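[1] fold the stuff below for me.
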Amino acid sequence: MAQGTVQVTHTGTSRWRRRTGEYASLAAALEAATDGDVLTVAPGTYRENLVVRRAVTLRGPEGFPGSVRIAPLDGVPLTVRGSAVVQDLHVEGQDAAAPALLVEEGTPELRDIRVVTRSAAGVEVRGSARPTVRRVTVDNPAGVGIAVVDGGGGVFEDCEVVAAGQAGVAVRGGAHPRLERCRVHHASGSGLSATGDNSALEAVGCEVYEVRGSGVQITGRATAHLTDCDVHRTTADGVTLDTDAVVTLADCRIHDIPENAVDLRSRSVLTLTRTSVRQFGRNGLSVWDPGTRVDANQCEIFDSTGDYPAVWVSDGATAVLDSCRVHDVPDALFVLDRGSRVDVVDSDLFQVRNTAVSVSDGATAQLDDCRVRDAATGAWFRDHGSGGTLNSCTLSGTQTGVIVTKGADPTIERCTVDSPSEAGFYVSAGGRGSFLNCRVTGSGGYGFHVIDGCRTTLRKCRTERCARGGYEFADGGPDTGSGTGPVVEDCTGDESASLRTPVAPEPAVQTVSSSMGLLGGVPEQRVTVPGPAAAEPAESARTSKDVLGELDALVGLESVKREVRALTDMIEVGRRRQRAGLKAASVKRHLVFTGSPGTGKTTVARLYGEILASLGVLDKGHLVEVSRVDLVGEHIGSTAIRTQEAFERARGGVLFIDEAYALSPEDAGRDFGKEAIDTLVKLMEDHRDAVVVIVAGYTAEMERFLSVNPGVASRFSRTITFGDYGPEELLRIVEQQAEEHEYRLAPGTAEALLKYFTAIPKGPAFGNGRTARQTFEAMVERHAGRVAQLAEPDTDDLTLLYPEDLPDLP
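    You can find the predicted model right below:
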């Protein structure tokens, strides 16, 4: 057969149709062929735009792969609109607005085709087409590798995208292909992408790697099911889900990812089964937003290469881990923000450098039959509204088994802490918690260590072989009758004095650490804790001048300091006028605090309470911090009871309502928040001298809250706005932290910190002072990793922080 000709073998049933003909062009051969005919193309380059409409076989010569080039100057080189067989061709396209190989109709079979092009797409399948595509290679550095769109489908077997200027495989418009044993690599976008209603992608035994985006990206209500797939060596996240995506990963391997191995948000749902996640630079699982959920069963998350938690759940998201293993990571599980929840069942968390489970900002964690070992802290319930349950768990080889601080209130049942180096259970700074049938053995410190008069409940607990004692209650012991301190029932220990005699109460104002482990405690601002004898003013209470001095020492907040000092002056002068027999101006002491998180609102509220106590305006001056979850009940009548209880706890002090605007949501409907507001207003009127109320939250939200609740607004004297910290103020906070912990900033580090704080994103997630403290903690961790490699570090090595110790920008 001559080069540049096409041989058509006609296979009709009539004798005269069984013949062979040769044609000078592919177009002529296709026109002459009918269903069932075989078109064998001689080696050569064909500058034709081919359209295959019939059920024919179009192929190159046997034994000469790649010898037939379909390479027109523009347009679509090859279009298939019938159930044809196309094989052994080399297709080249040059049109940036058109695909190189387009399948529009039928159920054709495409095999052993190489597409080398600079087109909009290497292969595009659309409409009613359902092709079977085998051993097709696509090299398209200008566009999408394989696009399946507008309801298209089909099966792709043993195919490879060797280069793509955009996504390797893109599915949209309700398309639903299946990929088997395919490889996608060196794409400039996502490896596999699906988006849009009814779009679905199924992949079995596939591999995605060396892509300059996410390995797999599913968005906009699309679905995907990946089985026995590998995703690795991406430049962005390994797997990304966004906006109602639904994805299942079974027996997959995700590894060598510089960012999040799996990131899902905006009501997306992910199911992981027998999948491993390893060697990730940020989070192994990152789960965000209300309605977003991940269910992981028999999965393993391990070998982090960064400084971030392995599992991160926030902003109201949910995660369930069943029979999973998380290990060799900085932190295993962080759950934060109200509405966020994590359920962990029959799982192992081990070889954790810092905290295995951290619960904060009102989140909830439930752990059942889990095992935590070789972690600095087993579980840490950090702050008000945070809670959950640890049930039948074992914690071994930790510094501290469980920490409860700042109003957190978990339930710990039938848990065992074995061989902690510092304490089995540690409660401080207003933490609460109920410990039922728990056990501590072999502690290097105490078994149960409860300080600050925390209202913790211990029932039927036991300690054995605790070096410093089984139970230690500082600043208020069990059953002191003062309304503070732990409640202890039926607890035992093998020490001669299982329950240690409480020490004499200390002053009500104490400094509380917010972090354990490497830093030993990063001090926050001073906090006020009511002592056992708080019913009567303490003889050692500080003067208003002392407290104002501490307020002045806080970084920044100049306008806030002026407002508080002016208010204090008004109250002080009023007292003096009364003593002189003169009328004193009525000063409304209730305040509105507005501003972003981390700007010191809670700290200033605590100091304000202490100032009022020192002036004799309040009996105690302690702070009770609450939020919507503490005031609003689930049924009619319960909200009023909760609000009254919170008000009563604050009697003689300050009731601080954080995110007060949540009591009056814009779409309130039958919400019980209004009941809390009405109850609070009445209590403020009936007991106007007993409690000072401070409502706090974001500026815009608080303005709306006060505008729609005039009864509340009329009872507050003034609004104090807390501005965001600037780079210089954030630097000063870091310098204070360094000084307190005996570190120094090396030459150039202060300048690097200024640049860092200038460049750091100032979005909703920016934490102001908290960001500064977290930055310092990260620097200390990096410093420790660097100095640990030195055989004999000197004092400078041990104290100097360098610019390279700064963490990466988020």
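
[2] where does this structure have low pLDDT?
    By pLDDT under 70, the weakly predicted segments of the chain are 1-5, 10-19, 475-484, 495-541, 584-588, 634-638, 666-671, 710-711, 717, 764-765.

[3] which helix in it has the most residues?
    The single longest helix within the chain, with elements called by DSSP state H, is helix 558-579.

[4] need the residues that contact that helix.
    By Cβ atoms under 8 Å, 6 or more residues apart in numbering, the residues outside helix 558-579 that reach it are 544, 548, 551-552, 554, 583-585, 587, 589, 591, 600, 604, 607-608, 611-612, 615-617, 717-718, 720-723. Placement of C-beta: from N, CA and C, glycine included.

[5] residues of it that come out buried?
    For helix 558-579, the neighbour count (16 or more other Cβ atoms under 10 Å) marks Val560, Lys561, Glu563, Val564, Leu567, Thr568, Met570, Ile571, Gly574 as buried.

[6] return the alpha-carbon coordinates of that helix using CSV.
    What follows is helix 558-579, C-alpha atoms only, in CSV (Å, rounded to 0.1, in the frame of the first residue of the first chain):
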residue,chain,number,x,y,z
GLU,A,558,-4.4,53.2,74.1
SER,A,559,-8.0,54.3,73.4
VAL,A,560,-9.3,51.5,75.6
LYS,A,561,-7.0,52.5,78.4
ARG,A,562,-8.2,56.1,78.2
GLU,A,563,-11.9,55.0,78.3
VAL,A,564,-11.4,52.8,81.3
ARG,A,565,-9.4,55.4,83.2
ALA,A,566,-12.0,58.1,82.5
LEU,A,567,-14.7,55.7,83.7
THR,A,568,-12.7,54.9,86.8
ASP,A,569,-12.1,58.6,87.5
MET,A,570,-15.8,59.3,87.3
ILE,A,571,-16.6,56.6,89.8
GLU,A,572,-13.8,57.7,92.2
VAL,A,573,-14.8,61.3,92.1
GLY,A,574,-18.5,60.3,92.7
ARG,A,575,-17.4,58.4,95.8
ARG,A,576,-15.5,61.5,97.1
ARG,A,577,-18.5,63.8,96.5
GLN,A,578,-20.7,61.4,98.4
ARG,A,579,-18.3,61.5,101.3
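
[7] returning to that earlier point: tell me the one of the buried residues of helix 558-579 nearest Ala147?
    Ala147 has its nearest neighbour among the buried residues of helix 558-579 in Val560, at 56.7 Å by Cβ to Cβ.

[8] ok, now how distant is that closest one from Thr599?
    With distances taken as Cβ to Cβ, to the nearest Å, Val560 is found 9 Å from Thr599.

[9] mind telling me what element Phe593 is part of?
    In this assignment (DSSP states H and E), Phe593 forms part of strand 591-595.

[10] returning to what we had before: look up the residues that both of Val560 and Thr599 are in contact with.
    Taking Cβ under 8 Å, 6+ apart as the contact rule, the neighbours common to Val560 and Thr599 are Phe722.

[11] what's the angle from the longest helix of the chain to strand 591-595?
    With axes from the mean of the first three to the mean of the last three Cα atoms, to 10 degrees defining the directions, helix 558-579 sits at 170 degrees from strand 591-595.

[12] which parts of stretch 442-451 are buried?
    Within stretch 442-451, the residues that qualify as buried are Gly442, Ser443, Gly445, Tyr446, Gly447, Phe448, His449, Val450, Ile451, counting by 16+ other Cβ under 10 Å.

[13] now, the residues you listed that are in helices?
    Using DSSP H, none of these sit in helices.

[14] correct me, but Val144 touches Ala163?
    No - using Cβ atoms under 8 Å, Val144 is not in contact with Ala163; the gap is 11.3 Å.
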